[in-house]
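*Asks:* sequence unavailable; structure follows:
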Ligand SMILES: Nc1nc2c(ncn2[C@@H]2O[C@H](COP(=O)(O)OP(=O)(O)OP(=O)(O)O)[C@@H](O)[C@H]2O)c(=O)[nH]1
């Protein structure tokens with residue numbers, strides 16, 4: 001048997017557990033995870049390499065109806081990832097109450113085989129799981145339906161084996177020691193964004209973008225400067241907090257994540273900038289990397 005390689009797209013509604021699964025599969029924290037929906041904005045690749053195969057997983061933004069140009073770009077990334085996929089992992093929350101028509105619509109016209117992963121079974125019971133398995137087998141006629149807990153017991157070995165068995169024989173697409181297609185700057189901005197999602201309520205996380213303006217690698221320390229972009233002055237005040245208290249919290253936690261991720265000391269400075277309605281402006285979206 002020759003070397004196998006292929007692209008596997010992880011898709012599903014916001015908050016279903018796509019990023020949690022991707023990180024479990026890759027064994028590294030590639031994607032930020034927060035309890036809020038729509039955390040993932042970019043398609044992120046994460047690779048699993050052995051001598052015999054290379055699986056290129058693609059974590060995608062949760063499928064929603066677009067309200068902003070930003071959402072449109074996010075949904076283009078999902079669509080691109082579905083088209084490119086050798087295999088699709090559809091992640092669905094066992095306790096999903098809303099319907100999944102938006103997800104099903106995205107799959108229309110796709111030729112790629114689908115595996116359904118019913119996630120968060122740790123929050124459910126056997127009867128519900130069995131009923132959901134039956135529902136998905138009938139609705140999509142997928143290759144398989146797995147009931148998993150990406151958080152508690154991802155059982156990645158069994159899933160990985162199954163995934164690899166459906167991949168074509170192909171040479172590796174990326175270097176065999178690569179873990180992701182993203183660079184250090186990208187992860188730095190994601191670690192700040194993760195804290196913004198965790199520390200602020202309501203619209204703030206969704207109105208915020210993070211841009212790394214400097215990333216200097218010195219022998220013992222990385223010096224990172226970032227701009228936190230918001231849409232209005234009132235949001236700028238909330239981000240900063242009384243006497244800078246909130247920004248300090250964000251900076252402290254983000255710095256700790258970075259120190260663990262890069263295994264370096266980190267100096268982090270952040271500035272808050274207002275760009276009104278950036279989420280609806282194509283030129284800014286392009287500048288922030290949402291042009292695919
Ligand atoms: N109990 C439980 N919680 C889970 C499980 N998997 C994920 N979660 C939680 O669900 C929330 C969302 O997880 P994510 O992995 O960020 O979900 P996502 O699908 O990537 O979300 P978006 O970025 O919004 O598309 C987080 O709080 C996770 O800890 C699971 O198996 N069990």
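*Replies:* Yes, it's here. Remember, predicted model here, so these are calculated numbers, not experimental data.

*Asks:* ok, which stretches of the stretch 101-250 of the chain are strands?
*Replies:* Remark: strands assigned in the stretch 101-250 of the chain by DSSP state E, counting those that start in this stretch are 114-119, 144-147, 209-217, 221-230.

*Asks:* where does the residue in the stretch 51-200 of the chain that the ligand sits nearest to land on pLDDT?
*Replies:* Per C-beta to the nearest ligand atom, the residue of the stretch 51-200 of the chain with the smallest distance to the ligand is residue 62, at 2.9 Å. For glycine as for every other residue, the C-beta is placed from the backbone atoms N, C-alpha and C. With respect to pLDDT, residue 62 scores 87.

*Asks:* same question for residue 140.
*Replies:* For residue 140, the model assigns a pLDDT of 88.

*Asks:* picking up where we left off before, tell me which residues touch the closest residue to the residue of the stretch 51-200 of the chain closest to the ligand other than its chain neighbours, please.
*Replies:* With sequence-adjacent residues excluded and distances taken as C-beta to C-beta, 6 or more residues apart in numbering, residue 62 is closest to residue 14, at 3.0 Å. Counting by C-beta atoms under 8 Å, 6 or more residues apart in numbering, residue 14 makes contact with 37-39, 61-64.

*Asks:* of the residues you listed, buried ones?
*Replies:* 38-39, 61-64 (16 or more other C-beta atoms under 10 Å).

*Asks:* what would the residues you listed look like in a markdown table with distance to residue 259 and secondary structure?
*Replies:* Listed next are the buried ones among the contacts of residue 14 as a markdown table, based on distance: C-beta to C-beta, whole Å; DSSP: H, G, I helix; E, B strand; the rest coil:
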| residue | distance to residue 259 | secondary structure |
| --- | --- | --- |
| 38 | 27 | coil |
| 39 | 22 | coil |
| 61 | 28 | coil |
| 62 | 29 | coil |
| 63 | 34 | coil |
| 64 | 34 | coil |
